[in-house]
Structures are given as structure tokens and as C-alpha cells.
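show me how the following folds:
(one chain, ligands or ions: 1)
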Amino acid sequence: MTPVYFDNAATTKIRDKVIDAMVTVMHNNYGNASSTHSLGRSSKALIEYSRKVIAKYFNVSASEIVFTSGGTEADNLVLRSAVRDMGVTRIITSKIEHHAVLHAVAQLKTEYGIVVDYVDLDENGQVDYMHLEGLLQSTHKTLVSLMHVNNEIGNILDIKRVAFLCKAHKALFHSDTVQSIGHYELDLKALPIDFLAASAHKFHGPKGVGFAFVRKGSGLKPLIFGGEQERGYRAGTESIHNIIGLEKALTQAYEHLAEERLYIKDLKQYFIEKLKLELPNSVFNGLSGDMEKSTYTLVNVGLPISPEKSAMFLFQLDLKNIACSKGSACQSGSIQASHVLSEVVGVNDFQKTSLRFSFSIYNTKEEVDYVIGVLKDLI
Ligand SMILES: Cc1ncc(COP(=O)(O)O)c(C=O)c1O
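Now for the predicted structure:
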């Protein structure tokens, strides 16, 4: 039996069309994009074509897209260069960012002694925009780094509001959009955002490739030094098949966005209703039970199971062929809280075991029925 895969926020299955495009490239376009012969030139042309296609979706110019090994590298590229090369002396972020941001910022604090401030969050983990505005009254050269969609609880940031707040206070704005690109559209002509991070494996593309959007004139310098690839922003021979895979995955995602969003949203709604009916003592963490204020791709549920029993519970789910994420009140058997849930889940609800179920076009309502049936039986 193939697993019921409800862990799409961790990574997604690659689309067949994406695999086909990548295999064709691996067969035919093995030339190094820096070589001047025709094989090299055709590799280079493919990369530049992909860059143009990607840039168009965000209404930016191709030179503002820098390919990276994924979201983590894109976050690090932006954050580290902001401090090292752009004069940033203060970063405002939140305690529920992905570790790719949190740990990179902590490292910058250690290395450069920058000031780090964490914006207040409300009881659902939503950014307190008034507090953010207060924090922005500062003489420091500031960068704000706030994620668009939270990977654990699905909360959606009012990215437009934050972008204009930053602009009004002359702060740079970076958003980790790893969970939103491919699922939400962003017009970067209309939004004053300076930097973004994206990752292909979150929208049915390959692992190990992503990109940073870097606004023209930002003064960004590389994280990795060597050759002149990526216009000097990122040294190293380009992974052509991965870049083509990224572009094809993004094209597929945005071409089918309307119908696929409807399909997945309907699945999430069905999951919520069914869970409320079958296990009414469950709670939805953060805003994940709110169809409008959280992403349509995931729910994070506190189930009425004590954390001590949580490790066994996850093992039992695994035996039933259910793949979901611990997301979690208890990780790998030790009672170690997720940093996101520690911030947003109240003490009482924290006595429950939290699981993240994240959906994609490859899931069905029958799978939802199966999972909720298993949860009910086990509980
Ligand atoms: C919000 C967020 N940021 C960054 C990352 C890291 O991306 P990558 O796996 O491409 O390095 C992830 C992946 O889990 C994520 O969910």
C-alpha cells in the first residue's frame, strides 16, 4: 500500500511533467553553461530562459532572480549580505520563523553584534502590526524578515501591509516565501519587497534548488565565492536539470493554480469538518483551522493524547501507512516542543499531541476518511 502522504509542507511529490523535462535535459544538455562551445551555450540558454519565465510570474526582471540550492541558502544569502554588505545593524523578525532564518539571524548576532528584535505575536501566532510599527521607529539601518506563510501553523502574513510599513520607515524587507511561492501569486512591481526566498521542492519540483529574488540595486554580494556564475552572485557550476525542474514546476503550479487551489481548499475544509465531528476534543493550532487566515495547504491539530504517549502514537500512524509531520508537542520521543508551538499554543492545549497534516493535489477525500478513521480508532 502506498503511504497516505499528508506531509506536503515538508516536501512534495515531483510532477511527472517536471521529471520528464529534467530527464530530457540530463540526456541532452550536459554542457557546462560556462563553456563557449554550442553545448555550453545551449545549457546557458536554457538557464536564462528559465530565469525569464520565473521572473515574469513575479513581474520582475530576470536579473533579479538568483538560483540557489534551496530556501535555506536563499535566506542565508540575503540575511548575511544585508549585514555584511548593506550596512544593516538591526534585524526585526519573529520567533516562529523557520530555522533557516532564526539560526542565520542568531549567527549574525554572534558574529557582528547586530541588534535583533522579535515582533510580538497574538495568541494565534499572528504578527502584531502595531508593535512592528513601533519597532520600526529606530535610527538603526533595519531589515525586517517575516515569513509569508508559516510552515507549521499555516498563518498568512499581511505581506502588503508589512511591505508598505517597511517602505515608510526606510527598512529593508525580506520575506521567506518558501511555503507560499507556487501556492500564492505575488506581484513584486506592486509590492515594495526587497528580497524573497523560494524552494522548488515545496511546489512539486526537485529538491536542492530554489531562488532568491533580489531587488535591483540592493548591493547584495555573494555567500559563496568562486566563478562568475549567476552574474557573480553565486559561484559554482549550475545544476541545469534542477533549474529547468524548478521552472517547469513553477509554470505548472501557476498555470493550474485556480483549479488546484479550489481542490486542495475543499480537501482541507473536509478534513476540518470531519475532525470536528469525529474527534470534537481536538484543537486547531495557530490560525490553521481558519480557512481564510491560514494557507489552504495545511492544518496543525492538537489531538487529545498526552505528550508521553505521543511517540508511540506516531509509530502507530506510521504502521498504518500515514505520513504526516510531528509538528509537534513531542519530538522523537523526547518531550521537546516545536519552537513555533511553544510560542503560540496555550499551556492546556500543549498537553495534547500536535500533528501537522499538509495537503496536495495528489490527496483525496478517501484518504482524509481513512486518516480520521485511524486517528479515531487509535485515540
Ligand atoms: C518556511 C521555510 N523556510 C525555509 C525552508 C528551507 O527550504 P529548503 O528545504 O529548500 O532549504 C523551509 C523548508 O522546510 C520552509 O518551510
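
per-residue pLDDT, Ala329?
As predicted, Ala329 sits at a pLDDT of 43.

also Thr2?
85.

distance-wise, check the closest residue to it other than its chain neighbours relative to Met312.
Among residues not flanking Thr2 along the chain, Asn321 sits closest, at 7.7 Å (C-beta to C-beta, 6 or more residues apart in numbering). Quick note: C-beta positions are derived from backbone N, CA and C, even for glycine. Taking C-beta to C-beta, to the nearest Å as the measure, Asn321 falls 17 Å from Met312.

do the same with Val66
In this view, Val66 and Met312 are 45 Å apart by C-beta to C-beta.

so those two - more neighbours on which side?
Shown here are Val66 and Met312; by other C-beta atoms under 10 Å, Val66 has more neighbours (25 against 12).

for Tyr118, phi and psi?
phi -110, psi 130 (degrees, to the nearest 10).

neighbouring contacts of whatever helix or strand Leu132 lives in?
Leu132 belongs to helix 129-135 when assigned by DSSP states H and E. For helix 129-135, contacts defined as C-beta atoms under 8 Å, 6 or more residues apart in numbering pick out 92, 117, 119-120, 144, 158, 161-162, 165, 169.

stretch 345-362 near the ligand at all?
No. Interface with the ligand: stretch 345-362 contributes nothing (C-beta under 6 Å from any ligand atom), its closest point being 10.2 Å away.

next, the buried residues of that stretch.
Neighbour-count burial for stretch 345-362, counted by 16 or more other C-beta atoms under 10 Å, picks out 345, 349-350, 352-361.

kindly check the end-to-end length of that stretch for me.
End-to-end distance of stretch 345-362: 30 Å, with C-alpha to C-alpha, to the nearest Å as the criterion.

tell me how far it lies from the chain's centre.
Centroid displacement of stretch 345-362 relative to its chain, using C-alpha atoms, centre = their mean, to the nearest Å, is 17 Å.

thinking again about what came up before, other SSEs contacting the helix or strand following the helix holding Leu132?
Heading C-terminal from helix 129-135, the first helix or strand you meet, by DSSP H and E, is strand 142-145. Packing partners of strand 142-145 (3 or more C-beta pairs under 8 Å, 6 or more residues apart in numbering; DSSP states H and E): helix 71-85, strand 90-93, strand 172-176.
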